[in-house]
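Novice: starting from these lines, generate the structure:
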Amino acid sequence: MVPRPEPIPPGPGQESVWDYPRPPRVEHRSEQVEVVFAGESIAVTLSSYRVLETSHPPAYYLPPDNVVPGCLRPSGRTSWCEFKGVATYLTLTHKKQTSVDAAWTYLDPEPGFEELTGYVAFYPARVEMCVVGLEPVQAQPGDFYGGWITSGIVGPFKGGPGTEGW
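Specialist: Predicted coordinates for the structure are as follows:
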């Protein structure tokens, strides 16, 4: 078993991902959230959800009506989350550029996560840029989780090599 790392103490106005709950919590957010791909905003909203889970940067879920119509299609890949249920992955195509499994959605989430139904979460590493407020985000380490790292959160963050046992 890999020992739990020492959390970084949050500074003023910051949150520690080690104070996030398990099971995760869903929060409605009203700051602008934007996803840029192929040089254009392909999703912008003032009404998103973020999912907070111990050791993870938040994943942001955007309303499907705020994504450019026709740019997402199911890739055929799915995964299972013990809390949220079955995730369906989406391939992003816009202006002749494609990013396989760039996003995911829960079509029929488990009880407690119903507000995420049909909302779309994007991997920051698989698009050109994701922005919260006016701040471009950093991608969560690794290739499995899709958290958005901003200056408002501190880790260490799960996802990179050696963190699987946290």
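
Novice: quick check: bridge partners of the residue nearest to the spatial centre of the chain?
Specialist: Nearest to the mean C-alpha position of the chain, by C-alpha atoms, centre = their mean, lies Ala59 at 2.5 Å. In this entry, Ala59 is beta-bridged to Val51, by DSSP bridges.

Novice: name the element Val26 belongs to?
Specialist: Secondary structure from DSSP states H and E places Val26 in strand 25-29.

Novice: can you identify the element that follows that strand toward the C-terminus?
Specialist: Downstream of strand 25-29, the next assigned helix or strand under DSSP H and E is strand 33-37.

Novice: strand partners (parallel or antiparallel) of that next one?
Specialist: Taking DSSP bridges as the criterion, strand 33-37 pairs within the sheet with strand 40-45 (antiparallel), strand 129-132 (antiparallel).

Novice: just give me how far the shortest one sits from the chain centre.
Specialist: Going by C-alpha atoms, centre = their mean, to the nearest Å, the spacing between the C-alpha centre of strand 129-132 and its chain's C-alpha centre is 11 Å.

Novice: same question for it, mean pLDDT?
Specialist: Per-region confidence: strand 129-132 scores 98 on mean pLDDT.

Novice: ditto for stretch 37-55
Specialist: Per-residue pLDDT values across stretch 37-55 average out to 98.

Novice: put the alpha carbons of that stretch into PDB.
Specialist: Taking Å, rounded to 0.1, in the frame of the first residue of the first chain, the C-alpha atoms of stretch 37-55 are listed here in PDB:
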ATOM      1  CA  PHE A  37     -10.200  23.300 -29.700                       C
ATOM      2  CA  ALA A  38      -9.000  23.900 -33.200                       C
ATOM      3  CA  GLY A  39      -8.500  27.600 -32.400                       C
ATOM      4  CA  GLU A  40     -12.200  28.200 -31.400                       C
ATOM      5  CA  SER A  41     -14.400  28.100 -28.400                       C
ATOM      6  CA  ILE A  42     -16.300  24.800 -28.700                       C
ATOM      7  CA  ALA A  43     -18.000  25.100 -25.300                       C
ATOM      8  CA  VAL A  44     -18.800  28.100 -23.100                       C
ATOM      9  CA  THR A  45     -21.100  28.200 -20.100                       C
ATOM     10  CA  LEU A  46     -21.900  30.200 -16.900                       C
ATOM     11  CA  SER A  47     -23.700  27.200 -15.500                       C
ATOM     12  CA  SER A  48     -21.500  24.100 -14.900                       C
ATOM     13  CA  TYR A  49     -21.000  21.500 -12.300                       C
ATOM     14  CA  ARG A  50     -17.700  20.500 -10.700                       C
ATOM     15  CA  VAL A  51     -17.100  17.200  -9.100                       C
ATOM     16  CA  LEU A  52     -14.900  17.300  -6.000                       C
ATOM     17  CA  GLU A  53     -13.300  14.000  -4.900                       C
ATOM     18  CA  THR A  54     -10.400  13.400  -2.400                       C
ATOM     19  CA  SER A  55      -7.000  13.800  -4.000                       C
END
